[in-house]
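Engineer: No letters, just coordinates:
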């Protein structure tokens, strides 16, 4: 058994904090250690096997209302002091130019340990066993010579965070996560189709191997290969306007791009305007804006067991709680940390998150979920005269205000007169956020609800990639413009 | 005891520290390489990659500081090869020999234990020197950057009164590579990038970038002044342009977004072989691009390291699409092994590292006249393949984009979604490329600061397709 590498580093945050000398109003130390083991196979041959270990510390100081940070990979006393000096230098240099005068209110006291132990530990499978699993997935996907490529990847990550501060914080959080991705590429002449496991790296969970090695795994792998071949001869998705039914593995992308990002308060406050963009949502909209149909209920919920971005407190020490972002279609609150809440005067959530020790916390999604309704899938389809049921994201693009979007899926089936009929390929749709969510006409019940996640949400300056979770039932949207591929 | 120094003294120290740090990193990297060489038994091979930086990141909003800090970071990736098997450990690198060897040595033991559990890899690239090559390179580009204590004042002083938002990233970046064949490559550069936007009261914006190895205050002020001039054009009433096809000018920054898509499973030989690259249509002769269009990898400008993780050196100049025809693809050693082709030193993902599109014959002064009536796009945003095998790309217009009539800018536009194929806009619909190429600097800072950028002219396109 040797899935997670050994490291020699000893992390004692209180001792580290005590060793730092800084002329500052407040000092905080956040140490992060991650061990990410990746194993990948292509066409039944190994493609990658290895582990990435990262650790380091960010020293934050507050000087004259301005936070400065110094982050270092060097956890020695000398390295930490150099980071503290750099943080003080930055805070002092910025203090006269600060955007908002903060106090240590932005770093509340947090104490205690939060340890999310997986059911099946990350090192319970050996490198050989994981490779054997991935090779078998590729073998199962390779149903005929029309499958020209198969691939399977598993990533297991152990993440630990220590947080100590001069105002008394002393907290530790530990969690494990697993991600699996597999796909088959089918080809006939110049027609190429890919089908994967719920879209690119969507099977992402907090926990251990229990989330991936499910009883239905092999049935799903077999179906993935079959559908890749099926798509080769399927007609293009029609280009017209019809009822669009989205599976949870596409709803996750829809929620992410058109609900999560536009509700980030740092976007609304303008911090992201040079990179990820702003938002069509204005401060005055909270508590009033009809974001979608009355069937729309969206929560920020970092407390869901197994969902990828669950945690006890965020990276500034704020205790995580479930909150409604949209209730009965009306916008309630934004995704804003204490810093953004102070700056905007708006309600927020515990979402100041950093991708690692070398980046400062910013406003982030955690788990953003659409709450289930009361309609079974069968009942939903039976009510649709002309529709299309799309599954698994393959393409995503939205404007910098999070308004005009175009998304594509891997696989779709037409709905005709209340029944699912034939398969179509290259399904895409486009709309605007407001029009789209107001057209939400049916929300699936708990039996249609599924949980996914993404480990690769990019944002921030300097850039950060972070992990978020999304869960949703199947949903139907009326009068959406859909279309197929080709030139 | 409270530690306290004047900021000037600290800044002066930090310059000296940067020099010391660079020397220490190189010594430690070389020492790690030597030590690993000493550990190698018969039949064992290794490669060692280093990425390290000492960077200042200052994030600004409304001409004030939102966040500011310094990051000293490093990581070494040790890839071990034995018995036709391979695995890696990617570990923190501090530059302190004792600490780094204390991490690498046990990792090596782990790798030796793990490697026998793995399946054979038929496409392993064994480190080897190219015949006649010394297998060594060393490039160090020292810069003259802003002192860290005065950078913020220097950046924000000239933009007071403006709604200025963006990121200043500056400092030392290192990439290095060694292997059991004795090859050693070292690339270090001190540089800065300033990526910013100016907004007006209506929320309309223009984009600016400023990047170099030496800070020039006058050039910075001139850069901002140009952006301000462009912003004044945004003051006109906004025109809502309906979806449809329009003659379009893509400024270099907009072109660079399209060129970046070529890194996404496009010019990669592996991507073509494994299905899904639109370049397959060029290879089989089904389509070709305009004879006006030439895309190359040009390392001769020295902005990025020329070596890859197998210590292979890319050629100084590698044409990929020449006068519309696919003449080369990006090929790394692994792909070369698998498909029995010759590597050209491409990266692990066979992406573009030094992309350059050749200039054309359209003079800068004639752009608006040649556009006549249509859309002038300064930037594009959030591109994705809407049908990759078909070469179809969707994305948004962003920043200073204008409606032009009879060669005159009439109005800024509401942003539009485009959805079109590269076989159209770089094919039959490519009317002209500008004579002048511009460097669009790489400003991404995911994990670490990117290096280099894209050299490209602007492009005049017929019937660019807008859908929303």
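Structural biologist: Yep, it's here. The model shown is predicted, which means the values in this text are computed figures rather than measured ones.
Engineer: who touches residue 359 in this structure?
Structural biologist: Assuming you mean chain A. A:58, A:71, A:460, A:462, A:464, B:71 (CB atoms under 8 Å, 6 or more residues apart in numbering or on different chains). Every C-beta, even on glycine, is put in place using the N, C-alpha and C of the backbone.
Engineer: look at chain B instead
Structural biologist: Applying CB under 8 Å, 6+ apart, one finds that residue B:359 lies in contact with B:433, B:434, B:435, B:436, B:437, B:457.
Engineer: low pLDDT regions in chain B?
Structural biologist: For chain B, the stretches with pLDDT under 70 are B:1-15.
Engineer: which helix is the longest one in it?
Structural biologist: If each helix of chain B is counted by residues according to DSSP state H, the longest one is helix B:7-39.
Engineer: Distance from that one to the middle of the chain?
Structural biologist: The gap between where helix B:7-39 is centred and where its chain is centred comes out at 25 Å by CA atoms, centre = their mean, to the nearest Å.
Engineer: Over to stretch B:354-367?
Structural biologist: Between the mean C-alpha point of stretch B:354-367 and the mean C-alpha point of its chain there is a distance of 20 Å (CA atoms, centre = their mean).
Engineer: burial count for residue A:117?
Structural biologist: By other CB atoms under 10 Å in any protein chain shown, 10 other residues sit near residue A:117.
Engineer: Show me where the chain has its helices.
Structural biologist: I'll assume chain A. Assigned by DSSP H, the helices in chain A fall at A:13-19, A:77-95, A:127-141, A:217-233, A:248-255, A:265-268, A:338-344, A:377-382, A:433-438.
Engineer: meant chain B actually
Structural biologist: So, for chain B - with DSSP H - the helices run B:7-39, B:97-115, B:151-156, B:217-233, B:252-260, B:269-274, B:279-283, B:333-339, B:367-371, B:422-423.
Engineer: got those as a markdown table, with distance to chain A and mean neighbour count columns?
Structural biologist: Written out in a markdown table, the entries for those read as follows (distance: least, CB to the nearest CB, whole Å; neighbours: other CB atoms under 10 Å in any protein chain shown):
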| stretch | distance to chain A | mean neighbour count |
| --- | --- | --- |
| helix B:7-39 | 5 | 16 |
| helix B:97-115 | 5 | 18 |
| helix B:151-156 | 5 | 20 |
| helix B:217-233 | 12 | 15 |
| helix B:252-260 | 12 | 23 |
| helix B:269-274 | 5 | 22 |
| helix B:279-283 | 7 | 21 |
| helix B:333-339 | 9 | 19 |
| helix B:367-371 | 23 | 18 |
| helix B:422-423 | 7 | 22 |
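Engineer: Would you convert the contacts of residue A:359 into TSV that also reports neighbour count and distance to residue A:216?
Structural biologist: Conversion of these to TSV gives the following (neighbours: other CB atoms under 10 Å in any protein chain shown; distance: CB to CB, whole Å):
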residue	neighbour count	distance to residue A:216
A:58	26	42
A:71	27	43
A:460	27	37
A:462	25	41
A:464	22	34
B:71	28	44
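Engineer: what's the closest of those to residue B:424?
Structural biologist: Distances from the contacts of residue A:359 to residue B:424 were compared by CB to CB; the smallest belongs to residue A:460, at 34.6 Å.
Engineer: that older thread, okay if I get the helices of chain A as JSON lines plus mean neighbour count and mean pLDDT?
Structural biologist: Converted to JSON lines, the helices of chain A look like this (neighbours: other CB atoms under 10 Å in any protein chain shown; pLDDT from 0 to 100):
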{"stretch": "helix A:13-19", "mean neighbour count": "16", "mean pLDDT": "94"}
{"stretch": "helix A:77-95", "mean neighbour count": "24", "mean pLDDT": "97"}
{"stretch": "helix A:127-141", "mean neighbour count": "20", "mean pLDDT": "98"}
{"stretch": "helix A:217-233", "mean neighbour count": "18", "mean pLDDT": "98"}
{"stretch": "helix A:248-255", "mean neighbour count": "27", "mean pLDDT": "98"}
{"stretch": "helix A:265-268", "mean neighbour count": "28", "mean pLDDT": "98"}
{"stretch": "helix A:338-344", "mean neighbour count": "21", "mean pLDDT": "98"}
{"stretch": "helix A:377-382", "mean neighbour count": "17", "mean pLDDT": "98"}
{"stretch": "helix A:433-438", "mean neighbour count": "19", "mean pLDDT": "98"}
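Engineer: Turn the ones you listed into a markdown table, including distance to chain B.
Structural biologist: Conversion of these to a markdown table gives the following (distance: least, CB to the nearest CB, whole Å):
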| stretch | distance to chain B |
| --- | --- |
| helix A:13-19 | 11 |
| helix A:77-95 | 4 |
| helix A:127-141 | 4 |
| helix A:217-233 | 10 |
| helix A:248-255 | 11 |
| helix A:265-268 | 8 |
| helix A:338-344 | 9 |
| helix A:377-382 | 27 |
| helix A:433-438 | 11 |
